[in-house]
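Trainee: Predicted model and sequence follow; I will ask about them next.
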Amino acid sequence: MSQDLKLLRLRDNCGISLECWGEGAWHPVATDQQFRRAFHGGASDAEYELDSSPVGPVDVAETGEAGDIDSLSFEPGQRAVILLPGSWVWNGLEMVPRAARRQSSAVGYMVEDQLAEDVDDLHFVCEPITGDLCSVMAVATDKLRALKVEIERRNWPVVTAIPEYRLLAGAVGESAIWLEDDRAHFWQGAGRGLSVGRTLAGVVAESLFVPGDLDEAPASAAAATASDDAETSASLRVYGVPTELELATLQQLGQVESVGEMPESRWLNAAPGVIPGNLLSGPFQIVLQTGHGPWWKRPLIAVAACFVAQLLFFLAAGGYYSFQASQADKAARQLFTDIFPGDSPSADLRRQVNGYLNQSSGGGGEFASQLQQLSQVWGTGSAGDLKLQSLRFDGNRGELVLQLRAPSLSQLDTVVNKLSSGQFKAELLAANELEDGVSGRIRLR
């Protein structure tokens, strides 16, 4: 038996109960009142007041002694399959095109004439058999919705829900009967099943397993012939202990093979990786959660971490460049104060400097020409040895006064001579010796 798969079962005998398969038998599982009421939304509360056993939410009168009641637990990585009462699920054969198999409403309207309920209130599952021939199952949407809510509320790792009679499904053409105390489950080899009361077992077997008397047959003649041949040649597998009358009825239909193994154990031993006939599909599909939360939790955390990291990077970059901009603005204002000591920098320093340039250009362009000549001289000399301490321009006189610092007086005279070689005349107004050089004031006009 696969240790990674646990088999559960819902029973609908005068109320909903839950059982778990283990050690070759079904064991009742403790459930609360909300669990049982979930599957009877239209029932009155008085119907469930009888279940008031002091041992918990499970009715001891139905399940046995209080010690027989188990709490449901799962090992890490373990998954579960839940069996729904076969009377909840209608099953039939229908030719369904491949394009319509995943459309529950489209499949429903194909079998609408075979159902007693409104197709809008049912959920349909289409399981292909051969070609376009499919086994169609229908179950009430309110029951599936209640099942999904309870599974998610309890965080059970349930991956599949199938009707009870699907345990009997084997190879195509193999038919089987499962006889329990009060229920009988049938599986017709063509690909359909049903569950009825035990008292109706003989009548239903005669209608299902007599060749040519099937309620529905495969659409094509070839498929019908193959199905009939399989029914007549294959033996009828019987699980459980039939009465003498039931055994006589079944033997009239063909060869009867009594199977000693329990269908639950046989199914668990042969359970495939992908279990066919899963009713929890479409809007009722269960999204399993791990011990760390839903599957999307880790990707969401990774995306959020990347977003926060990127936001912090942008904030740090913005702070750095803002600091650099403030330092550049401070240096520009200091340079403006050095050039124009008689004026203070305004908020828009660029416009203020442009105003001075336009003013000097209108007055003959002396300031611009003097700055150009100063830049030429500065480029030809040892600019690293010279330091501009201040610069002042008098627009009325058209003269530019510089305060320079040089390593020696001779180097200061060289600058004066170079400035005088152009269209403007330069003269050294004053010079003061310093500890590490000479500071001189030069006038250019």
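Mentor: It's in.
Trainee: What segments of the protein are helices?
Mentor: Secondary structure of the chain (DSSP state H): helices at 33-38, 60-63, 104-110, 141-154, 201-209, 221-233, 244-253, 263-270, 297-339, 349-362, 366-380, 409-420.
Trainee: any idea which of these scores lowest on pLDDT?
Mentor: Mean pLDDT across these is lowest at helix 60-63; the value there is a mean of 38.
Trainee: List the residues that contact A431.
Mentor: Shown in contact with A431 (Cβ atoms under 8 Å, 6 or more residues apart in numbering): 409, 412, 438-441. Using the backbone N, CA and C atoms, a C-beta is placed for each residue, glycine as well.
Trainee: let's see 7 Å
Mentor: 409, 412, 438, 440 (Cβ atoms under 7 Å, 6 or more residues apart in numbering).
Trainee: now V158
Mentor: 80, 82, 151, 286.
Trainee: In JSON lines: these, plus distance to T337 and neighbour count.
Mentor: Formatted as JSON lines, the contacts of V158 follow (distance: Cβ to Cβ, whole Å; neighbours: other Cβ atoms under 10 Å):
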{"residue": "A80", "distance to T337": "81", "neighbour count": "19"}
{"residue": "I82", "distance to T337": "84", "neighbour count": "21"}
{"residue": "I151", "distance to T337": "77", "neighbour count": "21"}
{"residue": "I286", "distance to T337": "75", "neighbour count": "18"}
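Trainee: Among the residues you listed, which one sits closest to G170?
Mentor: Closest to G170 out of those is I82 (20.8 Å), distances taken as Cβ to Cβ.
Trainee: related to what we said a few turns ago, looking at the contacts of V158, which one is closest to D120?
Mentor: I286 (23.1 Å).
Trainee: I figured that closest one was touching L280, is that so?
Mentor: Yes - counting by Cβ atoms under 7 Å, I286 touches L280, with 5.5 Å between them.
Trainee: hey, what's in contact with both of these two?
Mentor: Residues touching both I286 and L280 comprise K148, with contact defined as Cβ under 7 Å, 6+ apart.
Trainee: for G77, what are its contacts?
Mentor: By Cβ under 7 Å, 6+ apart, the neighbours of G77 are D4.
Trainee: quick revisit: E19: which of the helices of the chain is closest?
Mentor: The closest of the helices of the chain to E19 is helix 60-63. By Cβ to Cβ, the value is 8.5 Å.
Trainee: hang on, the earlier thing: could I get the contacts of V158 in CSV, plus columns for distance to P128?
Mentor: Listed next are the contacts of V158 as CSV, based on distance: Cβ to Cβ, whole Å:
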residue, distance to P128
A80, 25
I82, 23
I151, 27
I286, 23
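Trainee: Of those, which is the nearest to D142?
Mentor: For these, the nearest to D142 is I151 (15.0 Å; Cβ to Cβ).
Trainee: Endpoint to endpoint, stretch 337-344 covers what distance?
Mentor: 6 Å (Cα to Cα, to the nearest Å).
Trainee: Can you tell me what sits against that stretch?
Mentor: With contact meaning Cβ under 7 Å, 6+ apart, stretch 337-344 is reached by 345, 390-392.
Trainee: which parts of that stretch are buried?
Mentor: 339-340 (16 or more other Cβ atoms under 10 Å).
Trainee: If any of the contacts of A431 are buried, give me the PyMOL selection for them.
Mentor: Per 16+ other Cβ under 10 Å, the buried members of the contacts of A431 correspond to this PyMOL selection:
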select buried, resi 412+438+440
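Trainee: Adding distance to L247, write the contacts of A431 out as CSV.
Mentor: Listed next are these as CSV, based on distance: Cβ to Cβ, whole Å:
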residue, distance to L247
L409, 133
L412, 130
V438, 130
G440, 130
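Trainee: And the furthest pair within the contacts of A431?
Mentor: Most distant of the contacts of A431, by Cβ to Cβ, are L409 and G440, 7.7 Å apart.
Trainee: related to what we said a few turns ago, show me the one of the helices of the chain that comes nearest N13.
Mentor: Among these, helix 60-63 comes nearest to N13, with 7.2 Å by Cβ to Cβ.
Trainee: pLDDT score assigned to the residue positioned nearest the centre of the chain?
Mentor: The residue lying closest to the centre of the chain (Cα atoms, centre = their mean) is W296, at 4.0 Å. As predicted, W296 sits at a pLDDT of 75.
Trainee: Quick one: residues contacting it.
Mentor: Per Cβ under 7 Å, 6+ apart, neighbours of W296: none.
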